[in-house]
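Student: need coordinates for the following:
(one chain, ligands or ions: 1)
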Amino acid sequence: MKHDVVVIGGGPAGCETARLIAEKGYRVLVAEEHRQIGEPLQCSGLVSLRTLQATAMPDDLIINQIHGAFVHSPGGETLFFREQKVYALVIDRAEFDRTLSERAQRAGVEILTGVRAGIGEFFTDGVSVKLKFRGGESTVRTCLVIGADGANSRVARRISAPKAEDMIRMCAAEVELQCREKDMVHIFLGGDIAPGWFGWVIPVDEKHARVGIGVSGRDKHPRTFFNKMVKAHPGIFQGMKIIRGTSGVVPVGSLARIYGRRTLLVGDAACQTKPISGGGLYLGLLGAELCAKVAAKALAKGNLSPHFLREYQRLWEKEMADEIQTALRHRNIFLTMSDRDMDKLIRFLSRPLWQGIISRYGDIDYPSRLADKLSFAGPWAEKFIMAGFKKILYYCSATRA
Ligand SMILES: Cc1cc2nc3c(=O)[nH]c(=O)nc-3n(C[C@H](O)[C@H](O)[C@H](O)COP(=O)(O)OP(=O)(O)OC[C@H]3O[C@@H](n4cnc5c(N)ncnc54)[C@H](O)[C@@H]3O)c2cc1C
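Tutor: Got it, this is the predicted structure:
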């Protein structure tokens, strides 16, 4: 075998996993279906400083710094907070991906672009991967496949990994837009604008922004809701011109299995995204670290059985299960809220005490830390108590039956 590992997908999770395994002395191939790493862009590029520090990224990837937000309720209430501290950074996402892929290449990873890959057959001593490229096909044999092929992962389907609880379909774009406060993002809530999710404006500079909405549910067309958001807020979107679309899908949930026979999943393919915001870069890179660690250990021991690879699931859950489960609990409460509930909540949170709590505990990588504090906010607490009651009633009727 020419390669010890084949990584399917050359996004950030795939390239970072490949680099970390190659640095341990293994031969790694990355197959990416698009001709250029980082394109087409399907992201708004909002990350924490922590994400950039973890990957030691150069500062010149940072385009803008975010100090606060306006959160708009469906009925026109607005929650506002702005602090000295930097909540998030707007980065050049395509360049971010390219930097990760160049680093992987420097570590010895071979990257093939314009190549669609898929698992072929499993053997006792390896697995075959089919590579399809313009004008041809070939097969390579390897010890281990890493599925880093994004939200609609074929590798995940091939190993019958559980499906994500929800797939948020996003209509998003880079736009020309006057951003009066270029350090403030806008978040839009409401069933008419972004059912089951939210809409956003992330300023890039005074004249450009990244705009989008997400919707939960297959029957809803994201583009329709994008237009509704723009129409509902003429003061914010006046004169907006779309430069290019960046739409895509984000999986939400917690996968009970992110490994299989000679296979590991990482990044969006493993549903390593934040259930409240959909951000996947921080978690995907964290996943890459753990995935590479277990892959290298399995290769060193020559043990690629699902039983051994299960270690990855254990490490991932130890690191992130609490955060993701808490975030999912809050998301489920959010899904029960009517537009009127949201108005009430935003009005309530606009009080100075709650604004202070939001400023203090707001963290885009660990939103559950703030969400847990908000569980004590009147309208949110009511929902939690109601959800608790419903659970108790359900258990009582189930045990009686
Ligand atoms: C509109 C939108 C906005 C977002 N904004 C943010 C944000 O602001 N901050 C944030 O942290 N996250 C954001 N995300 C999420 C983030 O983009 C993803 O979580 C992240 O890209 C996941 O990285 P990945 O490497 O797992 O997958 P991807 O980046 O999706 O990479 C997977 C790669 O696999 C390739 N591939 C797929 N199938 C095959 C195949 N069969 N053969 C070969 N190659 C294949 C694809 O071409 C792709 O390059 C956003 C997502 C969307 C849709």
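Student: quick one: is the longest helix anywhere in the chain near the ligand?
Tutor: Counting by DSSP state H, the longest helix found in the chain is helix 306-335. No - Helix 306-335 stays clear of the ligand (C-beta under 6 Å from any ligand atom), getting no nearer than 13.7 Å. To be clear about C-beta, it is placed using only N, CA and C from the backbone, and glycine gets the same treatment.
Student: how much space between the residue most central in space within the chain and the ligand?
Tutor: By C-alpha atoms, centre = their mean, the chain has its centre lying nearest to Gly280, at 2.2 Å. Gly280 sits 2 Å away from the ligand, taking C-beta to the nearest ligand atom, to the nearest Å as the criterion.
Student: repeat that for Val115.
Tutor: 6 Å.
Student: how far off centre is stretch 293-309?
Tutor: 26 Å (C-alpha atoms, centre = their mean, to the nearest Å).
Student: still on that earlier bit, downstream of the longest helix of the chain, the next helix or strand is which one?
Tutor: helix 339-349 (DSSP states H and E).
Student: next, the angle from that next one to helix 306-335.
Tutor: 90 degrees (axes from the mean of the first three to the mean of the last three C-alpha atoms, to 10 degrees).
Student: tell me what the longest helix of the chain is packed against?
Tutor: Using 3 or more C-beta pairs under 8 Å, 6 or more residues apart in numbering; DSSP states H and E, the elements in contact with helix 306-335 are strand 259-260, strand 263-265, helix 281-301, helix 367-374, helix 378-400.
Student: looking at the ones you listed, which has the lowest confidence?
Tutor: Of all the helices and strands packed on helix 306-335, mean pLDDT reaches its minimum on helix 378-400 (a mean of 63).
Student: for the stretch 151-300 of the chain, which segments count as helices?
Tutor: 154-158, 222-232, 234-237, 281-301 (DSSP state H, counting those that start in this stretch).
Student: so which of those helices is nearest Val5?
Tutor: When these are compared by C-beta to C-beta, helix 281-301 sits nearest Val5, at 6.3 Å.
Student: residues in contact with His72?
Tutor: 78, 186-189, 233, 346 (C-beta atoms under 8 Å, 6 or more residues apart in numbering).
Student: stretch 11-19: how far from the chain's middle?
Tutor: With C-alpha atoms, centre = their mean, you get 15 Å for stretch 11-19.
Student: that one and the ligand in contact?
Tutor: Yes - using C-beta under 6 Å from any ligand atom, we find that stretch 11-19 touches the ligand at 11-14.
Student: may I have that stretch as PDB, with CA atoms only?
Tutor: The C-alpha trace of stretch 11-19 is given here as PDB (Å, rounded to 0.1, in the frame of the first residue of the first chain):
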ATOM      1  CA  GLY A  11     -11.700  21.000   4.000                       C
ATOM      2  CA  PRO A  12     -10.200  22.200   7.300                       C
ATOM      3  CA  ALA A  13     -11.000  19.100   9.200                       C
ATOM      4  CA  GLY A  14      -9.600  16.800   6.500                       C
ATOM      5  CA  CYS A  15      -6.400  18.800   5.900                       C
ATOM      6  CA  GLU A  16      -5.700  19.200   9.600                       C
ATOM      7  CA  THR A  17      -6.300  15.500  10.400                       C
ATOM      8  CA  ALA A  18      -4.000  14.600   7.500                       C
ATOM      9  CA  ARG A  19      -1.200  16.900   8.700                       C
END
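Student: spell out which residues of this protein are next to the ligand.
Tutor: Near the ligand, when you scan the chain using C-beta under 6 Å from any ligand atom, you find 8-14, 31-34, 42-47, 116-118, 148-150, 154, 170, 172, 212, 246-250, 267-268, 273, 278-281, 284.
Student: and Gly108, how close does it get to Arg19?
Tutor: Using C-beta to C-beta, to the nearest Å, Gly108 is found at 9 Å from Arg19.
Student: of those two, who's got more company?
Tutor: Arg19 (25 against 15; other C-beta atoms under 10 Å).
Student: so of the residues of stretch 11-19 next to the ligand, which ones are in strands?
Tutor: The members of those all map outside strands under DSSP state E.
Student: any weak-confidence spans in this structure?
Tutor: 376-401 (pLDDT under 70).
Student: if you count residues, where's the longest strand of it?
Tutor: strand 166-176.
Student: and that strand, what's buried?
Tutor: 166-175 (16 or more other C-beta atoms under 10 Å).
Student: any idea of the angle that strand forms with helix 306-335?
Tutor: Using the same axes, to 10 degrees: strand 166-176 against helix 306-335 is 70 degrees.
Student: which residues touch strand 166-176?
Tutor: 41-42, 44, 151, 196-197, 204, 207-216, 220, 222-223, 225-226, 239-253, 278.
Student: wait, Thr263 touches Arg157, no?
Tutor: No - under the criterion of C-beta atoms under 8 Å, Thr263 makes no contact with Arg157, lying 11.4 Å away.
Student: between those two, tell me which one has more neighbours.
Tutor: With neighbours defined as other C-beta under 10 Å, Thr263 and Arg157 compare such that Thr263 has more, 23 against 15.
Student: so what sits opposite the more buried one in the bridge?
Tutor: Under DSSP bridges, the beta-bridge partners of Thr263 are Val145, Gly260.
Student: make TSV out of the buried residues of strand 166-176 and add distance to Gly356.
Tutor: Converted to TSV, the buried residues of strand 166-176 look like this (distance: C-beta to C-beta, whole Å):
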residue	distance to Gly356
Asp166	32
Met167	36
Ile168	30
Arg169	35
Met170	32
Cys171	34
Ala172	32
Ala173	34
Glu174	34
Val175	33
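Student: give me the distance between the two termini of stretch 27-45.
Tutor: 31 Å (C-alpha to C-alpha, to the nearest Å).
Student: now that stretch, how far from the chain's geometric center?
Tutor: The answer for stretch 27-45 is 16 Å, by C-alpha atoms, centre = their mean.
Student: number the chain from 754, please
Tutor: Sure, I'll start counting at 754 from here, so that last one is stretch 780-798.
Student: what comes up buried for that stretch?
Tutor: 780-786, 790-791, 794-798.
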